[in-house]
Each structure stands twice: as structure tokens, then as C-alpha cells.
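Novice: the amino acid sequence is not available; the structure is as follows:
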């Protein structure tokens, strides 16, 4: 209401990702330090640390996205893995290997069935089926994507690309239906 800082929470250097669970009760913060890679979980009512999650693989963590029901969190590792976290126990229950893909951002459909993963090194979006945690499609792009977002109705994914463009993906067909060039 006042746009003022009400508290400062210390999680260590090099924070990369921040996300709040759909019910608003937990804050997940990914961070990297000389001591290692962690995901710190805060209670949003008290701002207290309630858990610290250690990813399965050594590497830097980045973004976090939740399934709409909040049961799972997907945490991207900047190496070749995505960690799948059970938010009830805050444990890594699975990881998804994507060889030679350095992840940048995650976006999930409003029904929680598909996860879209950008790969900075490869001009493509990987599509993960969240019921199986398997990569079910790779959508080639003409540009290297940086960020992605899903529309509120779940019908489109938009990617902001390195080369000053935006790719528009139809989620029904998982194809690029338009590329918007900037300038």
C-alpha cells in the first residue's frame, strides 16, 4: 500500500530467481554462493526461513515457477537440469536432463500441463509435460530467447529474444505463429 521496504531478508550473494507460491504463503529464492547453490523458502507471513533446499546437481540455479495448484516447483539450473520440487516436503523429487541446453527462463501454462523452457545457447523452446516431466517437444526459433511468458488464457507463449524480437507460439500446436521485429 505504501511502496516502502518493510523488511530485508538475507539469502546470500547472487540471487537469481524469486517466486511466490500460488496461495501466497511461501517465497522461494534461488541463490548461488561460494558455499553452494540453494533454494531458500520463506514464510510470507513471518518472513522467517522455513527451509533450505539443495539441488541434486552442482550448478547455478535461476528461475522458479509453480504449477497452478502449488504442488510442484520447477527450478532451472543454468547447467543441463531442471529440478522438480515437491512443495509439501520441499524435496527435489525429480530432475529433467536437457543435454547441452543452458536454461534461462521458465513459463507454465495456466492449466499446469506444459512447461516452456528457454535455452539461451540454442534458439529453441523446450516443452515439458508436467505429468511425466519429459520433454515432449522442441520448438525451433529464429532467434535466441531470453524470457518467456504464457498468456492468461494459456493459448500463447511469448518469448523476448536477444535480437530485438518477440516470438509468438501457439500452445495448441506448439509452433511459432508470428515473429515481431523491433526496429
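Specialist: Structure's in. What do you need? Everything numeric here is computed off the predicted structure, so don't read it as measured data.
Novice: and the next helix or strand past the helix or strand bottoming out on mean pLDDT in the chain?
Specialist: Lowest on mean pLDDT, DSSP states H and E among the helices and strands of the chain sits strand 103-108, with a mean of 77. Using DSSP states H and E, the helix or strand that follows strand 103-108 towards the C-terminus is strand 114-119.
Novice: off-centre distance for that following strand?
Specialist: Relative to its chain's centre, strand 114-119 lies at 8 Å (Cα atoms, centre = their mean, to the nearest Å).
Novice: what lines up beside that strand in the sheet?
Specialist: strand 103-108 (antiparallel), strand 124-129 (antiparallel) (DSSP bridges).
Novice: quick one: residues in contact with the next helix or strand after the last one.
Specialist: Under the assignment DSSP H and E, the closest C-terminal helix or strand after strand 124-129 is strand 134-140. When contacts are defined by Cβ atoms under 8 Å, 6 or more residues apart in numbering, strand 134-140 is touched by residues 96, 98, 114, 123-129, 169, 174-176. Using the backbone N, CA and C atoms, a C-beta is placed for each residue, glycine as well.
Novice: now those residues in CSV, with distance to residue 50 and pLDDT?
Specialist: Below are the contacts of strand 134-140 laid out as CSV (distance: Cβ to Cβ, whole Å; pLDDT from 0 to 100):
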residue, distance to residue 50, pLDDT
96, 25, 78
98, 30, 64
114, 29, 92
123, 39, 81
124, 36, 83
125, 33, 85
126, 31, 85
127, 32, 89
128, 27, 90
129, 30, 92
169, 36, 94
174, 37, 93
175, 42, 93
176, 41, 94
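Novice: now those residues: which count as buried?
Specialist: Neighbour-count burial (16 or more other Cβ atoms under 10 Å) is assigned, among the contacts of strand 134-140, to 96, 98, 114, 123, 124, 125, 126, 127, 128, 169, 174, 176.
Novice: need those residues in a markdown table (columns: distance to residue 17).
Specialist: Below are those laid out as a markdown table (distance: Cβ to Cβ, whole Å):
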| residue | distance to residue 17 |
| --- | --- |
| 96 | 16 |
| 98 | 17 |
| 114 | 20 |
| 123 | 22 |
| 124 | 21 |
| 125 | 18 |
| 126 | 18 |
| 127 | 20 |
| 128 | 17 |
| 169 | 22 |
| 174 | 25 |
| 176 | 26 |
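Novice: ok, so of those residues, who is nearest residue 23?
Specialist: residue 114 (21.6 Å; Cβ to Cβ).
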